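# Quick one, structure for this:
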Amino acid sequence: MSKPAVKVFTKENPCNKLIIWNTFRTRRGFKRVEVAVAESQVGHNAPKNMLNNGYVERVTVKNVEYFELTEEGREWLKKGIAGYVKRHPEDATDAVYLPKALAA
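Residues are numbered from 1 along each chain as shown. Here you go, the predicted structure:
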């Protein structure tokens, strides 16, 4: 199986909290995401910056590398998505498994 292509974002079309939220969120909470999959959805720079800020860590499970949100990263992303849907309420329906308090 080939490695997915890294998503490229620009100044005109940046990676936002909605994209990061949808990458790491599941019905049951946050999930670890394979590095290649994460980079195909949020690009290369977002995970790099998240690593540098301590919001995500690289973990290896059964010889597969993943990005996993730290506790600080979960709080950062929860605050970020709350601010994002407040500024862009029309995009709230695009957020997967958004807490009910934010969806209203």
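# doesn't Arg32 make contact with Val64?
No: judged on CB atoms under 8 Å, Val64 makes no contact with Arg32 at a distance of 9.7 Å. In this view, the C-beta of every residue, glycine as well, is placed from N, C-alpha and C.
# Look at the two and report which has more neighbours.
Counting neighbours by other CB atoms under 10 Å for Val64 and for Arg32 shows that Arg32 has the greater number, 18 against 11.
# Contacts only, for the more buried one.
Contact analysis of Arg32 by CB atoms under 8 Å, 6 or more residues apart in numbering lists 59, 61, 66-69.
# how about 10 Å then?
For Arg32, the contacting residues are 24, 38, 56-59, 61, 64-69, by CB atoms under 10 Å, 6 or more residues apart in numbering.
# Distance-wise, check the most centrally placed residue in the chain relative to Ala36.
When the chain is reduced to its mean C-alpha position, the nearest residue by CA atoms, centre = their mean turns out to be Ile20, at 2.3 Å. The gap separating Ile20 from Ala36 is 16 Å, by CB to CB, to the nearest Å.
# same check, this time on Ala5
Look at Ala5 and Ala36: by CB to CB, they are 9 Å apart.
# who has more neighbours, these two?
Neighbours per residue (other CB under 10 Å) separate Ala5 from Ala36, with Ala36 holding more: 17 against 9.
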